[in-house]
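Student: Give me a 3D structure for the following:
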Amino acid sequence: MNGDVDIASIGGLVADPARARVLLALGDGRALPASVLADEAGVAASTASAHLGKLLDGGLLAVEQHGRHRYFRIAGPAVAELIETLARLAPAVPVRSLRQGTKAQAVRFARTCYDHLAGTLGTALMAALLERGLLTGGDGSFDPGSAGEDRLASPGFDLDYRLSARGSQQLHDFGIDLISLPRRRPLIRYCVDWSEQRHHLAGSLGAALTARMFELGWVSRAEHSRAVRVSDEGYEGLRERFGVELSAPAG
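Tutor: Reported below is the predicted structural model:
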């Protein structure tokens, strides 16, 4: 017979700064080799290998073999949610250089939360879909005083967002085949964004929208970061297609 859950074991895994930096680097769902993760963590390759082994044994990472190389990724959406929650609760790291400040600003402006868009970009997209009637069921706002279950940096449950007939048609025109989306996953979910404290779109629809924007070149991944960059075509496309008005962050 098992006892209560051992959250201290997970706490011990993420408490090490190097392992925390590895998890943050993998927070967008990508698979990265040990050499890249060692650089991101700021440790030697042998030290990184030991950290990766502990994260694998603890169930926070999964590994894939590609030829002679092993690539590591977070073990699933639950781990991504843990990273987002910790990011909300944790104090900000003191910025000691222009590079660090720019990177932090980029993560808050636009990033991936596992496989869907978050930050200013993600919440602005969600708000535009609601304003145009493509989604219904709420206004994208997080109400910390509500009687429901919603909390920052977590999947939301208070509201039941739905895709409208107009939304189905416009997303089809955008190149998303709603029929082919995975049935094992809810079509529409939302997360409470930790940096914007509003809702961003998750679920299979959020993932499909994000994948389509990558495919079109509207967004691209920043190197060794969860941040994404919005291209000039992306700013124009977001404005014309969805009514999302965004300005590039300064710096």
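
Student: Where does the nearest residue to G58 once chain neighbours are set aside fall, secondary structure wise?
Tutor: Among residues not flanking G58 along the chain, L13 sits closest, at 4.6 Å (CB to CB, 6 or more residues apart in numbering). Any C-beta I mention is one placed from the backbone N, CA and C, and that applies to glycine too. Using DSSP states H and E, L13 sits within helix 7-15.

Student: Can you give me the distance of the nearest residue to A207 once chain neighbours are set aside to R221?
Tutor: Distance criterion CB to CB, 6+ apart; nearest residue to A207, sequence neighbours excluded, is D115 at 4.4 Å. For D115, the distance to R221 (CB to CB, to the nearest Å) stands at 12 Å.

Student: ok, now which ones touch V107?
Tutor: G119, S195, S225, R226, A227 (CB atoms under 8 Å, 6 or more residues apart in numbering).

Student: And for the third one, the neighbour number?
Tutor: Pointing back at S225 there. Residues within reach of S225, counting by other CB atoms under 10 Å, total 18.

Student: quick one on the thing from earlier: by pLDDT, give me the weakest of the contacts of V107.
Tutor: pLDDT across those is lowest for S225, at 70.

Student: Just say helix, strand or coil for that one.
Tutor: For S225, the secondary structure call by DSSP: H, G, I helix; E, B strand; the rest coil comes out as coil.

Student: That one contacts A106, correct?
Tutor: Yes. Here S225 reaches A106: they are 7.0 Å apart, a contact under CB atoms under 8 Å.
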